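Engineer: What would the 3D arrangement of this be:
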Amino acid sequence: MNRTSLSVLLVTLLLAPGCRGTLELFGVEPTGDDDDVANDDDAANDDDATGDDDDATSDDDDATDPPDGQCVSERTLNCTDAAVDSWSNGADDATNGVFEYSCLEGQEWTGPEYTYSFTAESSGAHTISLYDFQDDLDLFAIEPGNDGQCLGRNCIGISGNPPGTPEELVLELEAGQEVFIVIDGWNGTVSDYSIRMECPGTTGDDDDDDDACTTPVLARPHQAGNALVWTYSNGGFVAGANLNPGGPGTVWGVAVADFDGDGAMDVITERDTRGGLDAALFEGDCNGGPFTEVGVSGFSFGGLDDLHGVGDLDQDGDVDVIGIGWNSGDGRVWLNGGDGTSWTAVGDAFELDSWDTDDNGTRESVGFPAVDVDGDQLPDLVECNNNASSPTSCVIHNGVGDGTFLEGASFTLGQLCNSVAAGDFNGDGAIDYVGGLDDDGDAGQVWIWEGQPFGPSTLPSGGGSEIFDVSDGFGQPQNNAPGYGWLFPADADDDGDLDIFVTVMDPFGSENHAMWLATNDGLANFSVTSLGSSDNSWGDEDTLIQSSLGVPFRP
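Structural biologist: Purely as a prediction, here's the structure:
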């Protein structure tokens, strides 16, 4: 269906934090709507005139299937504690009257639709999330016509991610404004689902108090035996306090997130006490420090299990920690008890295919932080190895929900990628992949493989598109430029999009690591700045395995 020509059109593409593949149309009053013209809903031949189907014995407005192009609301959504409803678009009270929506021309949704009505109690951003479904359900917002009908031509918002990927729609509504929320099946999809409405002032709303505690923090193990910490201030990162866990030993790993749930970024360090490994929690305040060391329990280690990443692996609302056995490549996970001080160790969480610190031909990395790449709302890990030649081979370790991972699909990238990471970098709702940073004669390059927000869910392939090069513009000869390193996506400047922290050996094979920040404009256009350097606690020309960097993470 072609989008109707509009006399007055206000188009807003809303890419707010957390908004996934959402196209919003506000202030739309299509010409051709028949509410007030001849042959409209009040004129002859309209829905109330002789010959209409209001009182017919079959196929009328009260039947299971309404007239073509019309949906019928059977339930209401509300804002009570971010209320959740679980149902199916194939239920007995569903309809199958709408196949086309004006939000996206030239597409047809052949599955049944289920419709909710909603009336905003207050003005502001309202977030609708659709999840726990199979195949391909999509999410729509419909502005009621003058007669209150739900019509596909009055679409004001759509979230249409690839199959199995959760949908999220953010609507700016005024108090008292009415809207229909429609779940429709692409290509005949019928599935159970869960839907949640979050309103201004309810759970999940990002209010000013929360904003005051989101100062990003960057942390890195340092050869001197401590953890270096940087905090974001006035548009850049500045050096903060060095974190020195009590007692002797080297800090081998760090992880950064709000582990205790107070809104401020904290740091967990892994320290070699010369008698074993232990962990310490450094709690931050709302301004990126100072940090207060707090003891933890249950954070046991099975060997040299370097801390590498984080994620809400069991979907209980707090942030868990992921480690990798340095000598074995075995995965370790520690599940957070909720306050950052009580942890449960999960052994045999996953097993990496190619991790081998004794093989100097192994170029191995795992994408951190963990991110949901298969659409089941559980964070996954992406493991890649290039064996010093193109292409790069990758495998997805799918999160199970208990802290463990199962090996899943594999894919190859047509570049020599020492590091690969996943996330939505261009703000269209689909998962993208970034990779590169191998010192292969064109040092420091990074490429992107963009996902398809409205197309089929596919794994990346081909050569990708270059997005930045850390060696450009810094006065270093291309053949000697630092280029062998790793990528760590995170929202570095707290603006709602994914930036990329980079750490590279400088020079190649050394323990000195240069650090860079590639700042995203929200559309996967990056500008690169230097953050300085840090002596790493490990690494030489015979050890080319991924080092760690604690980057700010918010689930």
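Engineer: only C-alpha atoms for contact and neighbour calcs from this point on.
Structural biologist: Fine.
Engineer: Is the spatially closest residue to Gly375 that is not a sequence neighbour within a helix or a strand, and which one?
Structural biologist: The shortest distance from Gly375 to any non-neighbouring residue, by CA to CA, 6 or more residues apart in numbering, is to Thr165 (3.7 Å). Assigned by DSSP states H and E, Thr165 falls within no helix or strand.
Engineer: pretty sure Thr165 contacts Ile431?
Structural biologist: No - judged on CA atoms under 8 Å, Thr165 makes no contact with Ile431 at a distance of 9.5 Å.
Engineer: before we move on, the earlier item: quick one: residues contacting the residue nearest to Gly375.
Structural biologist: Thr165 is in contact with Tyr131, Asp136, Asp374, Gly375, Asp376, Gln377, counting by CA atoms under 8 Å, 6 or more residues apart in numbering.
Engineer: So which of the residues you listed is the closest to Glu105?
Structural biologist: The closest of those to Glu105 turns out to be Asp136 (CA to CA; 18.1 Å).
Engineer: Around the closest one, how many other residues sit close by?
Structural biologist: As a burial measure, Asp136 scores 24 neighbours (other CA atoms under 10 Å).
Engineer: Please apply the same query to Thr344.
Structural biologist: 16.
Engineer: how far does the host helix or strand of it sit from the chain's center?
Structural biologist: Using DSSP H and E, Thr344 sits in strand 343-351. Its chain's C-alpha centre and that of strand 343-351 lie 23 Å apart, by CA atoms, centre = their mean, to the nearest Å.
Engineer: same deal with stretch 363-380?
Structural biologist: Relative to its chain's centre, stretch 363-380 lies at 10 Å (CA atoms, centre = their mean).
Engineer: sorry, back to before: ok, so of the contacts of Thr165, who is nearest Ser86?
Structural biologist: Of all those, Tyr131 has the smallest distance to Ser86: 9.5 Å, by CA to CA.
Engineer: Ala141 and Ile158 touch, don't they?
Structural biologist: Yes - counting by CA under 8 Å, Ile158 is a contact partner of Ala141 at 6.5 Å.
Engineer: helices and strands around the strand holding Thr344, which ones?
Structural biologist: Applying 3 or more CA pairs under 8 Å, 6 or more residues apart in numbering; DSSP states H and E, one finds that strand 343-351 contacts strand 330-336, strand 405-413.
Engineer: Moving C-terminal from that strand, which element do we reach first?
Structural biologist: As assigned by DSSP H and E, the chain's next helix or strand after strand 343-351 is strand 364-366.
Engineer: Check the burial of Asp353 by counting its neighbours.
Structural biologist: Asp353 has 15 neighbours, counted by other CA under 10 Å.
Engineer: ok, now how distant is it from Asn426?
Structural biologist: Relative to Asn426, Asp353 is positioned 30 Å away (CA to CA, to the nearest Å).
Engineer: Where in the protein is the helix or strand with the lowest mean pLDDT?
Structural biologist: None of the helices or strands of the chain scores lower by mean pLDDT, DSSP states H and E than strand 10-12, at a mean of 30.
Engineer: can you list contacts of the helix or strand encompassing Val179?
Structural biologist: In this assignment (DSSP H and E), Val179 forms part of strand 178-185. The contact list for strand 178-185, computed with CA under 8 Å, 6+ apart, reads 73, 89, 109-120, 136-144, 150.
Engineer: C-terminal to that strand, what's the next element?
Structural biologist: Following strand 178-185 in sequence, per DSSP H and E, is strand 192-198.
Engineer: what's the angle from that next one to strand 178-185?
Structural biologist: Counting by axes from the mean of the first three to the mean of the last three CA atoms, to 10 degrees, strand 192-198 points 150 degrees away from the direction of strand 178-185.
Engineer: Just checking the distance from strand 192-198 to the centre of its chain.
Structural biologist: With CA atoms, centre = their mean, you get 18 Å for strand 192-198.
Engineer: what does stretch 94-101 give?
Structural biologist: A distance of 30 Å separates the centroid of the chain from that of stretch 94-101, by CA atoms, centre = their mean.
Engineer: Show the end-to-end separation of that stretch, please.
Structural biologist: Using CA to CA, first and last residues of stretch 94-101 are 17 Å apart.
Engineer: And Asp132, how close does it get to Ser73?
Structural biologist: As for Asp132, its distance to Ser73 is 21 Å (criterion: CA to CA).
Engineer: of those two, who's got more company?
Structural biologist: The neighbour count for Asp132 versus Ser73, taken as other CA under 10 Å, is higher for Ser73 (19 against 16).
Engineer: What does the pLDDT read for the more buried one?
Structural biologist: pLDDT for Ser73: 92.
Engineer: Thanks a lot, catch you later.
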